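1. dropping a prediction and its sequence here:
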Amino acid sequence: MRAIVNYENRPFAVEMREKPVPQIGDEDVLLAVRGVGVCGSDLHQWHASHSWPVNYPVTLGHEFCGVIAEVGRAVRGFSVGDRVVSETAAEICGRCVYCRDGLYNLCPERKGFGYGLDGAMADYVRVPARCLHRIPDSVAFEDAAMTEPACVACNAVIELSRIAPGDIVVVLGPGTIGLMVVQMCKLCGPGQLVLVGTSRDAERLEIGRQLGADITLMADRDDVIGHVRALGDGFGAHLVVDCVGLSSALKPAMEMARPMGQITKVGWGREPLDFSLDPLVQKALRLQGSFSHTYKTWERVLTLMAGKQLNLAPMRRVFPLDDWETAFRTMDSLAIAKSVLTP
């Protein structure tokens, strides 16, 4: 079968290879992939700019859906031909306090598809049955392939943040996660929803306006802090969601958040901080990290998709698997928010 493989830790060490179809265990299914999203983390591994360990060589791809082609002997509740989408926690210990409490996204032994185990940028992928969710009949494969980033946003906003109707909310970064966060915030009824990017993000900021952002700003052209503080009562944002892949984004987030406000940090950044965190103390801010998602998040998001409460089409462009490099480069250029590959 075809597979897009990240084979060593250096820039652009990714290529299409022929690999054998995976062998499944008793509690696994073999999934014929129908759609797989290109994540910012895939681009980071492509550039070798990532900050997490990778088991080279590894097939990329953790945002995926498909049709079950084979079922392990111990699997119950799923059959050949079922349309399913998969969570990303490909391997967990099942024993620690977090696994036992349903917070397996925080399992210290967790390994994900696309860096720890082979992912789904391939014709087939082996998936533990515990990761599967049925795709509602009304949800197309190209939408289902975007469930995972929607779950990242849902966990960050709906489950870990506090938004009251009328609040001022700022989203930093108009990438896939940022645009998903905009939609999740909009469901909570904010008074003003601000999306911040740079001049390179012009197309994606326009998508953000289509998806519900009331105000879009460019950090390299606009006085973002001044704009935010001019809203409402002048004290700043009730919530700032940091979806930027740079550690330095935390500094303006602290500056624009109001006293007793919240910063939810989703974006990864491997650079060390070179500024003081004293504003967290002075303003009594709540700094909330957000990582991954769990079963209930996926069920919530699939319900939102089935109810047409998420608008995914403006964010993506679909490419055949053989055109993976074009898909990577197009997304990396910031021309689009999401590339989806179809094997």
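-> That came in fine, so what should we check first? Predicted model, so just to flag it, every value in this text is computed and none were measured.
2. how far away is residue 241 from residue 38?
-> Applying C-beta to C-beta, to the nearest Å, the value for residue 241 to residue 38 is 22 Å. C-beta coordinates here come from the backbone N, C-alpha and C atoms, glycine included.
3. between these two, who's got more neighbours?
-> Between residue 241 and residue 38, counted using other C-beta atoms under 10 Å, residue 241 has the larger neighbour count: 33 against 28.
4. does that one count as helix, strand or coil?
-> strand (DSSP: H, G, I helix; E, B strand; the rest coil).
5. and what of residue 216?
-> strand.
6. likewise residue 196?
-> Residue 196 - assigned by three-state DSSP - is strand.
7. now the helices for this structure?
-> 40-47, 97-100, 141-144, 147-154, 176-186, 202-210, 224-229, 250-256, 278-282, 295-306, 324-332 (DSSP state H).
8. ok now the last one, how far from the chain's centre?
-> Right, helix 324-332. Averaging C-alpha positions (C-alpha atoms, centre = their mean, to the nearest Å) puts helix 324-332 17 Å from its chain's average.
9. and it, what does it pack onto?
-> helix 40-47, strand 316-320, strand 338-342 (3 or more C-beta pairs under 8 Å, 6 or more residues apart in numbering; DSSP states H and E).
10. average pLDDT for that helix?
-> Over the span of helix 324-332, the pLDDT mean works out to 97.
11. what angle do that helix and strand 316-320 make?
-> Orientation of helix 324-332 against strand 316-320 (axes from the mean of the first three to the mean of the last three C-alpha atoms, to 10 degrees) gives an angle of 170 degrees.
12. for helix 324-332, output the C-alpha coordinates as CSV.
-> Output in CSV follows, covering the C-alpha atoms of helix 324-332 (Å, rounded to 0.1, in the frame of the first residue of the first chain):
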residue,chain,number,x,y,z
TRP,A,324,0.5,15.0,-0.7
GLU,A,325,3.5,17.3,-1.3
THR,A,326,1.3,19.9,-3.0
ALA,A,327,-1.2,19.6,-0.1
PHE,A,328,1.6,20.2,2.4
ARG,A,329,3.1,23.2,0.5
THR,A,330,-0.3,24.8,-0.1
MET,A,331,-1.2,24.6,3.6
ASP,A,332,2.3,25.7,4.6
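13. check what contacts that helix and list those residues.
-> Helix 324-332 is contacted from outside by 4, 14, 16, 38, 42-43, 46, 121, 317, 319, 336-341, using C-beta atoms under 8 Å, 6 or more residues apart in numbering.
14. nearest to residue 136, of the residues you listed?
-> Ranked by distance to residue 136 (C-beta to C-beta), the contacts of helix 324-332 are led by residue 340 at 18.1 Å.
15. tell me the spacing between that closest one and residue 313.
-> 11 Å.
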